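**Q** curious how this folds, go ahead:
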Amino acid sequence: MTSKARKRGLRKRNDRVVLTPRDRQILQLVALCGYCSTDQISREFFSSLGRCRRRLRQLFDAGYCQITLAGSTLPNLISLTKEGLRVLADVDPDFAAGIHPHGPIRRAGIHHHLLVVDARLYTAKAAQLQGLQLARWSNAGGFLKKQWGLNRYHLEPDGLAALTGNGDVFRLAVEADVGSEALSVIKRKLAIYRQSFNDGVLHELWFVIDYEGIRRVNLAKQIVHSGIDRKIRIMTADAVRTRPMIPPSRLVLSKPNHQTQKTPSAKSRNLKSKQEVKSHSIAHDTRGDKPVVARAQRPVARRPKPPVNTLPADTVERTAHITGKPSVADLSEQGIGNPVVVHPTARRAKRTE
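**A** Predicted structure coming up:
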């Protein structure tokens, strides 16, 4: 007989796990980040996603971590429990001194939080590639903000990293943008970052973005106009998550110069198309080869002008005695010459004797 499938949220009782050094590294990463996804843990510690899920299930059954179901199509979220924190405290008491288990996970902030975790993992890999070490990292509102004196700028980066090597400290700020923040707010932030760069508080800023389209172009333009584009790197989330990792120098997106033409809006495109139609009297139909008259060139209905009296001269002579008008012969005798054609609506001049 086959046993019934166990629900995903239930732990298996009396399931003891012997922790390996890799297990402790996973628990340390989860403790530092608050919570991670199974994809992030698999990318850093395992060769396949299936092995990662099986091992995390064992750690979950042992009570070392908590699994949160983010959605049917989203990866599970892994957070630390009190039992897992106790295991870390037994190995390294100083490490677990300022760490607390993460509380309830707010669904609206999952996307942004996981992007910050991706940026943190990438920063550690990039530091090793350059011969440096990620000595310290703090999220928004962390201890590095106060130590570096960013409180006087009223600046709140999503992440701050201190990279050490050869006795020097490289101060890096990270902004994770998922497209929810207005570009006007980013513009004000860039002005504050410019002041911090001039004062020597920060050395570089990394923008990790997770969107496509015109917003990416507008962000690049904002960075160019801020005047600190040489100290800023724009990276996509897909490139940051790629393993083996890509060096930061190859992740910089092309930034437009000041002569870059602006992308026309829908209103300007419609206005331009109307002007082109007006300049051509006939526009060819795209559905065939027959030309069609453009709408802008349709004739305007106007009141027809009254007909002008263009009767022959002999007709005028025959009707002179009826209309009371002088004949052509009479006008010729008076030296006036050819008769003037008078518009019927014009006011008749009084006949002078």
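**Q** where exactly do the strands run in the stretch 1-150 of the chain?
**A** Ranges of strands in the stretch 1-150 of the chain, per DSSP state E, counting those that start in this stretch, are 35-37, 65-68, 77-80, 133-139.
**Q** pipe these into JSON lines and attach mean pLDDT and distance to residue 165 per row.
**A** Glycine gets a C-beta too; all of them are placed from N, C-alpha and C. As requested, these are arranged in JSON lines below (pLDDT from 0 to 100; distance: least, CB to CB, whole Å):
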{"stretch": "strand 35-37", "mean pLDDT": "96", "distance to residue 165": "26"}
{"stretch": "strand 65-68", "mean pLDDT": "92", "distance to residue 165": "33"}
{"stretch": "strand 77-80", "mean pLDDT": "95", "distance to residue 165": "30"}
{"stretch": "strand 133-139", "mean pLDDT": "93", "distance to residue 165": "6"}
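**Q** how near is residue 150 to residue 215?
**A** As judged by CB to CB, to the nearest Å, residue 150 and residue 215 stand 26 Å apart.
**Q** those two: which is more packed in?
**A** Legend: neighbour count by other CB atoms under 10 Å for residue 150 and residue 215, higher for residue 150 (20 against 13).
**Q** residue contacts, residue 155?
**A** Counting by CB atoms under 8 Å, 6 or more residues apart in numbering, residue 155 touches 145, 189, 192, 193, 196.
**Q** counting neighbours, which of these comes out on top?
**A** Neighbour-wise, these (other CB under 10 Å) top out at residue 193, 24 neighbours.
**Q** was I right about that one contacting residue 174?
**A** No - Residue 193 lies out of contact with residue 174 (CB atoms under 8 Å); the separation is 11.8 Å.
**Q** shared neighbours of those two, anything?
**A** Common neighbours of residue 193 and residue 174, counting by CB under 8 Å, 6+ apart, are residue 205.
**Q** just to revisit the earlier point, could you export the contacts of residue 155 as JSON lines, including pLDDT, distance to residue 167 and secondary structure?
**A** Listed next are these as JSON lines, based on pLDDT from 0 to 100; distance: CB to CB, whole Å; DSSP: H, G, I helix; E, B strand; the rest coil:
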{"residue": "145", "pLDDT": "92", "distance to residue 167": "24", "secondary structure": "helix"}
{"residue": "189", "pLDDT": "95", "distance to residue 167": "31", "secondary structure": "helix"}
{"residue": "192", "pLDDT": "95", "distance to residue 167": "29", "secondary structure": "helix"}
{"residue": "193", "pLDDT": "96", "distance to residue 167": "26", "secondary structure": "helix"}
{"residue": "196", "pLDDT": "94", "distance to residue 167": "23", "secondary structure": "helix"}
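**Q** pull the longest helix from this structure.
**A** Identified as the longest helix of the chain according to DSSP state H is helix 110-129.
**Q** can you give me the pLDDT of residue 195?
**A** Looking at residue 195, its pLDDT reads 94.
**Q** can you tell me the closest non-neighbouring residue to it?
**A** residue 153 (6.5 Å; CB to CB, 6 or more residues apart in numbering).
**Q** look up how far residue 197 lies from the one you found.
**A** Noted for residue 153: a distance of 11 Å to residue 197, by CB to CB.
**Q** common neighbours of these two, please.
**A** Common neighbours of residue 153 and residue 197, counting by CB under 8 Å, 6+ apart, are absent.
**Q** output the strands of the stretch 1-150 of the chain as a markdown table; include the columns mean neighbour count.
**A** A markdown table is the format used below for the strands of the stretch 1-150 of the chain (neighbours: other CB atoms under 10 Å):
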| stretch | mean neighbour count |
| --- | --- |
| strand 35-37 | 24 |
| strand 65-68 | 20 |
| strand 77-80 | 24 |
| strand 133-139 | 16 |
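**Q** got a markdown table for those, with distance to residue 208 too?
**A** Formatted as a markdown table, these follow (distance: least, CB to CB, whole Å):
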| stretch | distance to residue 208 |
| --- | --- |
| strand 35-37 | 16 |
| strand 65-68 | 23 |
| strand 77-80 | 19 |
| strand 133-139 | 14 |
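**Q** surely residue 122 is in contact with residue 246?
**A** No - Residue 122 lies out of contact with residue 246 (CB under 8 Å); the separation is 9.1 Å.
**Q** which one's more surrounded, the two?
**A** Taking neighbours as other CB under 10 Å, residue 122 and residue 246 compare with residue 122 leading, 24 against 16.
**Q** how about the contacts made by that one?
**A** Taking CB under 8 Å, 6+ apart, we find residue 122 in contact with 208, 235, 240, 241, 245.
**Q** grab the nearest non-local neighbour of the third one.
**A** I take that to be residue 240. Per CB to CB, 6+ apart, closest to residue 240 is residue 122, 4.5 Å.
**Q** separation between the one you found and residue 180?
**A** Residue 122 sits 21 Å away from residue 180, going by CB to CB.
**Q** please apply the same query to residue 39.
**A** Using CB to CB, residue 39 is found at 21 Å from residue 180.
**Q** and the two? Which one has more around it.
**A** Using other CB under 10 Å as the criterion, residue 39 and residue 180 rank with residue 39 on top: 16 against 10.
**Q** how far away is that one from residue 237?
**A** Distance, residue 39 to residue 237, using CB to CB: 12 Å.
**Q** and residue 122, by the same measure?
**A** 10 Å.
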